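Asker: need a structure here:
(6 chains)
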Protein chains: 6
Amino acid sequence: MNAALEKPRKVYVTRTVEFNAAHRLYNPEFSDEKNLKTYGKCSNPHGHGHNYELEITVSGIVDPETGFLLDMKELKKIIEREIMERFDHRHLNFEVEELKDAVPSTELLAVVIWDILAPTLQNHTNQELTLHEVKIHETRKNSVRYLGE
Amino acid sequence: MNAALEKPRKVYVTRTVEFNAAHRLYNPEFSDEKNLKTYGKCSNPHGHGHNYELEITVSGIVDPETGFLLDMKELKKIIEREIMERFDHRHLNFEVEELKDAVPSTELLAVVIWDILAPTLQNHTNQELTLHEVKIHETRKNSVRYLGE
Amino acid sequence: MNAALEKPRKVYVTRTVEFNAAHRLYNPEFSDEKNLKTYGKCSNPHGHGHNYELEITVSGIVDPETGFLLDMKELKKIIEREIMERFDHRHLNFEVEELKDAVPSTELLAVVIWDILAPTLQNHTNQELTLHEVKIHETRKNSVRYLGE
Amino acid sequence: MNAALEKPRKVYVTRTVEFNAAHRLYNPEFSDEKNLKTYGKCSNPHGHGHNYELEITVSGIVDPETGFLLDMKELKKIIEREIMERFDHRHLNFEVEELKDAVPSTELLAVVIWDILAPTLQNHTNQELTLHEVKIHETRKNSVRYLGE
Amino acid sequence: MNAALEKPRKVYVTRTVEFNAAHRLYNPEFSDEKNLKTYGKCSNPHGHGHNYELEITVSGIVDPETGFLLDMKELKKIIEREIMERFDHRHLNFEVEELKDAVPSTELLAVVIWDILAPTLQNHTNQELTLHEVKIHETRKNSVRYLGE
Amino acid sequence: MNAALEKPRKVYVTRTVEFNAAHRLYNPEFSDEKNLKTYGKCSNPHGHGHNYELEITVSGIVDPETGFLLDMKELKKIIEREIMERFDHRHLNFEVEELKDAVPSTELLAVVIWDILAPTLQNHTNQELTLHEVKIHETRKNSVRYLGE
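Answerer: Predicted structure coming up:
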């Protein structure tokens, strides 16, 4: 065992993936005027789309035997199954159960992805491991973080 | 006048913009099976989307008086009016006249943007100026260039 | 309303802008020798410049009706009026009231931008909203964050 | 002195460097089968390599005289001497004393770099200054942060 | 068929991948002194490593039926089989047949990758398709292009 | 010697550096009105600045003995001496001999850097080597290339 890992060390490991999706920002409970005022060209009827860059950060104590916080192959599988399958190459308004009847803003996306991943990570990995942060870049200029607060 | 510009100097000036659009790769003349084989998950019915990064390159002789190839404010206006108005926050299959009945691949996008900009640039600026290249990054991993060949 | 937003969710939204400015690191109260020792080539008399990349992060509870933390169009206007008008295409030593008689280091810039934006954000938006962080990249290698501490 | 620095302001300054190193993920206490299961192709006998991007963040109160948190030239020297000399253009399994008999994971690297820099920064600079975070990007998709917890 | 593709259009399509490898720059025919003079710290005995970013560009006429230059899924398979299998997570001096007894410089890598891909692309795809360029970024600061000249 | 280098191979090697400079776009032969119309806020009296990213590309035949196009350490020295010394941390309107009485546009910068480097590279390296391209990114959105035409 490495001397540096003899005492517990808490690290934050981030995995970045990209998914490509369409969305339309539109609230059916709003008037057309309020939709336009609130969402501007993001409320165009047919929707538009983004390359969403998603950063998943998990935290916990480094395993002194493997030198890893977690088995990255396992994390990749979870992200593939829970996130990419749900969101990649989808229209967020029509094809994602968790976003039904919702305005698929980046804020909501971050919250929903947290709600999906937090229990999944707890079931599939060691007890110490916790989801720390979900960050989404909608464009190079706009991003949202959610930390479970 | 600067000594370095006493002889003609040909430069290439590139302006980069980003537009966000939805698209679906689907050819109505193909069977569903052939569509799936050709376009995979890009043929999902509701479409998906991208942050398209577009690089417009023009070439010509530097004006020895201004030190510029062209008035960048003029180029910005042309790109805003001809490209952003047409493509930004649109669904490429339904809202762009030039892509009607077409499969909106990145290859076709590059060609269509060339066809729109090439004559516009010739009308609005000095005689020497030529559109040199249209480059589109669909994702960080895939890009297409068209040079009018 | 979306089920996920039935309980309060605190998110952090970041908007990134770039401004181009000149500056000179020079303290008139120092001797020339101390200026050179402290600031090196950054104290060259005519100044030099940077593409400053500025990341403004605000935090608060997502509005369950709009799905937004805040109206991004409003935030863009504030950043345009308060930051871009003041700093973009300026010489920071001569043209910015808040930096008069100051050494325009990136540290000071971050603090001054915080001091400008914090009260403005409180006046113009909902009560929950708070400025969380001001981050400035001076170059790809150097950046500074200020969180109001 | 600048008015904005009359009260103490705590900032976080980040310096980014890149080092190029080879490593092999392999634990001699594991069976070959367990090594393969744990580390996959990262356990290939001859090792592979990365451009490690390292972000060192220090925090403290801005010096109202210089406008700096710290003398960046001094920080550069420390990073050059303590980090680049040790890790750049090295094979991490064979040439770094602190990684002897260890599995040179990115998690361990972050911890070891913290352990090297934390006391060095305390010796060489003002009392207020503290190492805040060590972040390493192993690839564009994977990164690890350690904050001394 | 789309009107824009009624005449032949030549496009350049680029696919970007990353592989992580170790190498040592050392020519056994040189004296130790000449090796050190030529390759500097790149000749360190155990080798070091990089995240090589590889851009493969193919050119040809857009297929008016599919809107594609080529089936990207096919290109991905070729790159996976011919390039990633050979180079990813390898030590270039010991594990790559094509680099045996060679100094694995980035220049040579570009040439060797061209020599592997050029005939493969001709066999597996339509007649018009040609490999246009192999570009490798060794670091953010250094890159090499080879165009078959 | 490596088999792949038995026949001559022409490669393009690019080295990227960054320099930080101030400039003002202003032509003393123009009226104030024409300066404002031509250069907009870029003509602000005190100037502004940029992180200029400069890509120098040289081309030639790979040396079959070293595997290199050229000794990169030599190229670094030339760029340091000829470019960084002249332009880094300077005000381009006042401190660069080659830009005296000129409007320091990015177009002119590219041409002037070509004129400086082209003969220098011919003197200092092997006969085959040629400067191929000078590319400057003024911002993330604007860049200029000059190829000696």
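Asker: quick one: contacts for the residue most central in space within chain A?
Answerer: Ranked by distance to the mean C-alpha position of chain A (C-alpha atoms, centre = their mean), the top residue is A:I113 at 4.2 Å. Going by C-beta atoms under 8 Å, 6 or more residues apart in numbering or on different chains, A:I113 touches A:L54, A:I56, A:I83, A:V134, A:I136, A:Y146. Glycine gets a C-beta too; all of them are placed from N, C-alpha and C.
Asker: closest one to chain B out of those residues, please.
Answerer: Of all the contacts of A:I113, the one sitting nearest chain B is A:I136; the distance, using C-beta to the nearest C-beta, is 12.5 Å.
Asker: ok, that closest one touching A:I56?
Answerer: No. Assessed by C-beta atoms under 8 Å, A:I136 is found out of contact with A:I56, at 10.0 Å.
Asker: thinking again about what came up before, farthest-separated two in the contacts of A:I113?
Answerer: A:I83 and A:Y146 (14.0 Å; C-beta to C-beta).
Asker: more crowded one of these two?
Answerer: Of the pair A:I83 and A:Y146, A:Y146 is the one with more neighbours under other C-beta atoms under 10 Å in any protein chain shown, namely 25 against 20.
Asker: send me the lengthiest helix in chain A as PDB with only the CA atoms.
Answerer: Criterion DSSP state H: the longest helix present in chain A is helix A:106-124. The C-alpha coordinates for helix A:106-124 follow below in PDB (Å, rounded to 0.1, in the frame of the first residue of the first chain):
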ATOM      1  CA  THR A 106     -30.900  23.400 -18.300                       C
ATOM      2  CA  GLU A 107     -31.700  24.100 -14.600                       C
ATOM      3  CA  LEU A 108     -34.300  21.300 -14.600                       C
ATOM      4  CA  LEU A 109     -32.000  19.000 -16.600                       C
ATOM      5  CA  ALA A 110     -29.400  19.300 -13.900                       C
ATOM      6  CA  VAL A 111     -31.900  18.600 -11.100                       C
ATOM      7  CA  VAL A 112     -33.400  15.600 -13.000                       C
ATOM      8  CA  ILE A 113     -30.000  14.100 -13.800                       C
ATOM      9  CA  TRP A 114     -29.100  14.400 -10.100                       C
ATOM     10  CA  ASP A 115     -32.300  12.700  -9.000                       C
ATOM     11  CA  ILE A 116     -31.600   9.800 -11.400                       C
ATOM     12  CA  LEU A 117     -27.900   9.300 -10.500                       C
ATOM     13  CA  ALA A 118     -27.900   9.900  -6.800                       C
ATOM     14  CA  PRO A 119     -29.700   6.700  -5.800                       C
ATOM     15  CA  THR A 120     -28.100   4.700  -8.600                       C
ATOM     16  CA  LEU A 121     -24.600   5.500  -7.400                       C
ATOM     17  CA  GLN A 122     -25.600   4.600  -3.900                       C
ATOM     18  CA  ASN A 123     -26.800   1.200  -4.900                       C
ATOM     19  CA  HIS A 124     -24.000   0.200  -7.200                       C
END
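Asker: can you point out the buried residues in that helix?
Answerer: Using 16 or more other C-beta atoms under 10 Å in any protein chain shown as the test for burial, helix A:106-124 gives A:106-117, A:120-121.
Asker: buried sites along stretch A:58-65?
Answerer: A:V58, A:S59, A:G60, A:I61, A:V62, A:D63, A:P64.
Asker: again with stretch A:133-144
Answerer: Buried-residue list, stretch A:133-144, by 16+ other C-beta under 10 Å: A:E133, A:V134, A:K135, A:I136, A:H137, A:E138, A:N142, A:S143, A:V144.
Asker: other SSEs contacting the helix or strand containing the second one?
Answerer: Using DSSP states H and E, A:V134 sits in strand A:130-137. With contacts defined as 3 or more C-beta pairs under 8 Å, 6 or more residues apart in numbering or on different chains; DSSP states H and E, strand A:130-137 has these neighbours: strand A:48-61, helix A:106-124, strand A:142-146.
Asker: mind listing residues that contact it?
Answerer: In contact with strand A:130-137 (C-beta under 8 Å, 6+ apart) are residues A:12, A:52-60, A:106, A:109-110, A:113-114, A:117-118, A:121-122, A:143-148.
Asker: ok, back up a step: and the buried residues of helix A:106-124 as a markdown table, adding pLDDT?
Answerer: Putting these into a markdown table (pLDDT from 0 to 100) gives the following:
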| residue | pLDDT |
| --- | --- |
| A:T106 | 97 |
| A:E107 | 97 |
| A:L108 | 97 |
| A:L109 | 98 |
| A:A110 | 98 |
| A:V111 | 98 |
| A:V112 | 98 |
| A:I113 | 98 |
| A:W114 | 98 |
| A:D115 | 97 |
| A:I116 | 97 |
| A:L117 | 97 |
| A:T120 | 90 |
| A:L121 | 88 |
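Asker: up against chain D, what does chain A have?
Answerer: A:2, A:4-5, A:9-17, A:62, A:65-69, A:71-73 (C-beta under 8 Å from any C-beta of the partner chain).
Asker: among those, which are located in strands?
Answerer: A:K10, A:V11, A:Y12, A:V13, A:T14, A:R15, A:T16, A:V17 (DSSP state E).
Asker: of those residues, which are in range of chain E?
Answerer: Okay, of these, nothing touches chain E (C-beta under 8 Å from any C-beta).
Asker: now those as JSON lines including pLDDT?
Answerer: Converted to JSON lines, those look like this (pLDDT from 0 to 100):
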{"residue": "A:K10", "pLDDT": "97"}
{"residue": "A:V11", "pLDDT": "97"}
{"residue": "A:Y12", "pLDDT": "98"}
{"residue": "A:V13", "pLDDT": "98"}
{"residue": "A:T14", "pLDDT": "98"}
{"residue": "A:R15", "pLDDT": "98"}
{"residue": "A:T16", "pLDDT": "98"}
{"residue": "A:V17", "pLDDT": "98"}
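Asker: now render the residues you listed as JSON lines, adding distance to chain B and neighbour count.
Answerer: Shown next, in JSON lines, are these (distance: C-beta to the nearest C-beta, whole Å; neighbours: other C-beta atoms under 10 Å in any protein chain shown):
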{"residue": "A:K10", "distance to chain B": "31", "neighbour count": "17"}
{"residue": "A:V11", "distance to chain B": "26", "neighbour count": "23"}
{"residue": "A:Y12", "distance to chain B": "24", "neighbour count": "22"}
{"residue": "A:V13", "distance to chain B": "21", "neighbour count": "24"}
{"residue": "A:T14", "distance to chain B": "17", "neighbour count": "19"}
{"residue": "A:R15", "distance to chain B": "16", "neighbour count": "18"}
{"residue": "A:T16", "distance to chain B": "11", "neighbour count": "18"}
{"residue": "A:V17", "distance to chain B": "12", "neighbour count": "17"}
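Asker: which of those residues lies closest to chain F?
Answerer: Of these, the one sitting nearest to chain F (C-beta to the nearest C-beta) turns out to be A:T16, at 20.0 Å.
Asker: any idea how far the closest one is from A:E53?
Answerer: 6 Å (C-beta to C-beta, to the nearest Å).
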